[in-house]
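Asker: compute the structure for the input listed below.
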Amino acid sequence: MVRVKRGNLSLKRKKKYFKFCKGYRGSNSRLSTMAMEQTVQSLQYAYIGRKLKKRSFRKYWIYRINSSLSALNLKYSIVLGNLKKLKIFLNKKILAHLSYNDPSAFEILVKKS
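Answerer: Residues are numbered from 1 along each chain as shown. Below is the predicted model:
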């Protein structure tokens, strides 16, 4: 049986992980096994964090819209339902932007519904 020499490939793989985990503390940036494990874990955290960011922004938008509507003595669910009935399709991000930066335009839009 012929012996397989893989030194070059394993070194390339380790270099890839070491390049990625630069700046990690302690053995996570120095030992190859720890670097690989930490890289996988940090990529998982980054993926989860991107999902959580979307969730939290959506929550802030709802807070802003709701606070603007409560100042006008209106309910969030009723106003959004009426906007959909009138076929005014503005997403929550745009509505929150209007309510925060241009309250007069937001009030005109809400009065239509």
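
Asker: other SSEs contacting the host helix or strand of Phe57?
Answerer: Using DSSP states H and E, Phe57 maps to helix 32-71. On a contact count with 3 or more Cβ pairs under 8 Å, 6 or more residues apart in numbering; DSSP states H and E, helix 32-71 meets helix 7-20, helix 76-85, helix 92-101, helix 103-112. Every C-beta, even on glycine, is put in place using the N, C-alpha and C of the backbone.

Asker: and Phe57, which of these is closest to it?
Answerer: Among the helices and strands packed on helix 32-71, the nearest to Phe57 by Cβ to Cβ is helix 92-101 (7.7 Å).

Asker: one step back: please identify the most buried of the helices and strands packed on helix 32-71.
Answerer: Most buried of these, by mean neighbour count (mean count of other Cβ atoms under 10 Å): helix 92-101, with a mean of 17.

Asker: between the helices and strands packed on helix 32-71, which gets nearest to Lys53?
Answerer: When the helices and strands packed on helix 32-71 are compared (using Cβ to Cβ), the closest one is helix 92-101, at 13.2 Å.
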